[in-house]
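*Asks:* Got a predicted model here, sequence first, then my questions.
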Amino acid sequence: MARQIISTPDAPAAIGPYSQAVKVGNQVFLSGQIGLDPVSMQLADGVEAQAVRVFDNLKAVAAAAGGGFADVVKINIYLTDLANFGVVNEIMTRYFAEPYPARATVGVRELPRGALVEADLVLVLD
Ligand SMILES: C=C(N)C(=O)O
């Protein structure tokens, strides 16, 4: 099946050898986003601002692929401190409505650029 590389200036450029997203048929696989500003490429301060930026970045990439958060079937969230679980849950509810996508949240030792939170998505477009 043909693969389409998704690229948008409305989300941070890749900081390594990956694409912002890859579309295969009606499925879209988004790379992990950390809380980088797409223009300055600077990390937001603190977990709340970083989580907001993560979801804004993911939303921009999803839009560039022709989708939105209503199309998300799976989200993976990575936290360097699971004490931030509640904060990230609350911020996620600002972006997602029920029925929520499937999700995994895992604690990790470190994330790129010293980020506190990273998330990636899978979308299925109708
Ligand atoms: C930020 C990333 N998605 C990465 O380094 O893989």
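*Replies:* That came through, no problem.

*Asks:* Name the SS class of residue 106, please.
*Replies:* strand (DSSP: H, G, I helix; E, B strand; the rest coil).

*Asks:* Report whether the expected contact of it with residue 78 is present.
*Replies:* Yes: counting by CB atoms under 8 Å, residue 78 is a contact partner of residue 106 at 5.8 Å. Glycine gets a C-beta too; all of them are placed from N, C-alpha and C.

*Asks:* Residues of the chain that sit close to the ligand?
*Replies:* By CB under 6 Å from any ligand atom, the residues of the chain that approach the ligand are 15, 16, 18, 31, 32, 34, 112.

*Asks:* What's the local residue count around the second one?
*Replies:* To tie it back to what came earlier, the one meant is residue 16. Neighbours of residue 16 under the rule other CB atoms under 10 Å: 6.

*Asks:* so it, which of the three states?
*Replies:* With three-state DSSP as the criterion, residue 16 reads coil.

*Asks:* begin at 264 from here
*Replies:* Understood, numbering begins at 264; the last thing we discussed is residue 279.

*Asks:* who's in contact with the residue nearest to it when sequence neighbours are not counted?
*Replies:* Spatial nearest neighbour of residue 279, excluding adjacent residues (CB to CB, 6 or more residues apart in numbering): residue 375 at 7.6 Å. By CB atoms under 8 Å, 6 or more residues apart in numbering, the residues touching residue 375 are 278, 279, 297, 381.

*Asks:* per-residue pLDDT, residue 375?
*Replies:* Residue 375 is assigned a predicted lDDT (pLDDT) of 98.

*Asks:* Equivalent analysis for residue 264, please.
*Replies:* 88.
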